[in-house]
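S.K.: Build me a model from this:
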Amino acid sequence: MFQVLRSWYRSLLSDPNSATFFIIIAVLFTVIYFYSGIFMPILVALGVSYILEAPINFLERKKILRRTISTYIIILLFFVFLGLFCVYVGPSIVSQGSDLINRIPSIISQTSDYIKAKIEEYPHIFEHIDIDAISAHITNSITSFSTEFIKSNLLGYLMNVTSFVMYLILIPLLAFFMLKDKHVLIAGVKGFFPPNLELASDMWKKMNTQLMNYVSGKFIHIIVISVLNFIIFYCFGLNYAILLGLLVGLSVLIPVVGAGIVTVPVALVAFTQFGADSTLWTLLGVYAAGLALDANLITPMLFSEKMKLHPFVILASVLVFGSMWGFWGVFFAIPLATFFKTIYLNWPRGKYVDSDVSCETGNFQDNAGGRSAAQTARDDLEEVVETLSSARKKLGAVLNELDCIEADVCSVSKEEAQEKADEVKN
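M.R.: So this is what the prediction gives:
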């Protein structure tokens, strides 16, 4: 058992770069997991900086504006947009949300009455199903959950005015300095890390651009889907159009199942308002066409680089990281899963395995990488020796030429001196 662990350790962590990278990842995840509340303003500002890095980088790359000026402009526009959204749209969302929560019992009651009417048409199939008990249980569960959520989360955040104001001031400032002095901050952070950062730097280069494209693209994705569905619901005159449009937009954060989850409240609200008539089915058909448009056009346009993750990995990542860090865990679930996949595929294996380990296990092929590395080093050394020998020969030839030139100069000087001496005698 010990030998197996020793071989596994030597195969995966004997490389100094991999060991350094493992330490960095372990420390970062430990700090974020246990102290995420303390570092939450920094994490939110980091997310904002990733959202705004794309337009700032575009302005800087096209030489339209300098980075400092473009950072001022983009930061100002972003937070002005958020402020206007909160002032003009926020009250409507809060009002529609509270009204919808109050109407949940009547919505469930109306839906259960319709289902009971349909069940009476087929009594032998659904005779053992108690619709009243099921509807009462669902009503109590949703009501208690919504009440607890409002008391424990929303009211807690709103009552803590000091933290809210502090976040409101700190997050824009942190995001501004992260964007304005990005290169200075990165160079300063590198000083805190141990040496042998080749693997960490390579992983950072591979993931940084992909993460920036994902975060900025996901932000645009939420806005586009929210506006598109709000237009659809508003054109049909559906109640709670702003709230439901925003919920559909936020559902893109949970791939695969997000759209299916948010379809339930949309269908229930539409059913209680229009009934089971043609308007309901037309609305659901247009809504389904919007989902198909998102899946086949909008998402491929915004995310040209596919993550290439299995649906099981996506759902597992959403569950794991969502339970660890809540909303931000869900938001970054896919890039985090892609990050770990990149680590798994690019992690150096077996390069620094000692020869005694391979002999003890009887697998001499594992040490082929070590022998090839030694042979490569020997070849490089021989090449350096040959280069030095050639340089020595060239240097000797140059010195000989200098000697010849010096001898010629000396002989010419002697001849001129002799000629002057002869002239003086004459």
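
S.K.: Run through who's touching stretch 311-323.
M.R.: Residues from elsewhere that reach stretch 311-323 (C-beta atoms under 8 Å, 6 or more residues apart in numbering): 254-257, 309, 329-330, 332-334, 336-337, 341. Every C-beta, even on glycine, is put in place using the N, C-alpha and C of the backbone.

S.K.: could I get that stretch in CSV with only the CA atoms?
M.R.: The C-alpha trace of stretch 311-323 is given here as CSV (Å, rounded to 0.1, in the frame of the first residue of the first chain):
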residue,chain,number,x,y,z
PRO,A,311,-23.9,16.9,-19.2
PHE,A,312,-23.2,14.8,-16.1
VAL,A,313,-20.1,16.8,-15.4
ILE,A,314,-22.0,20.1,-15.8
LEU,A,315,-24.8,19.0,-13.5
ALA,A,316,-22.4,17.7,-10.9
SER,A,317,-20.3,20.9,-11.0
VAL,A,318,-23.5,23.0,-10.6
LEU,A,319,-24.5,20.9,-7.5
VAL,A,320,-21.0,20.9,-5.9
PHE,A,321,-19.9,24.4,-6.5
GLY,A,322,-23.5,25.8,-5.9
SER,A,323,-23.6,24.1,-2.5
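
S.K.: Return the set of buried residues in it.
M.R.: Using 16 or more other C-beta atoms under 10 Å as the test for burial, stretch 311-323 gives 313-315, 317-318, 321-322.

S.K.: What of stretch 333-352?
M.R.: 333-339, 341, 343, 348, 350, 352.

S.K.: For burial, what's the neighbour tally of P255?
M.R.: 18 (other C-beta atoms under 10 Å).

S.K.: distance of the residue lying closest to it once chain neighbours are set aside from P335?
M.R.: Once flanking residues are discounted, P255 sits nearest to I314: 5.1 Å by C-beta to C-beta, 6 or more residues apart in numbering. Per C-beta to C-beta, to the nearest Å, I314 is found 11 Å from P335.

S.K.: next one: A54
M.R.: For A54, the distance to P335 (C-beta to C-beta) stands at 15 Å.

S.K.: what's the answer for F219, then?
M.R.: Where P335 is concerned, F219 sits at a distance of 13 Å (C-beta to C-beta).

S.K.: hmm, back to that, tell me the one of the buried residues of stretch 333-352 nearest G290?
M.R.: Ranked by distance to G290 (C-beta to C-beta), those are led by I334 at 21.7 Å.

S.K.: Flag the shaky bits of the stretch 251-400 of the chain, pLDDT-wise.
M.R.: Within the stretch 251-400 of the chain, the segments meeting pLDDT under 70 span 256, 303-308, 327, 349-380.
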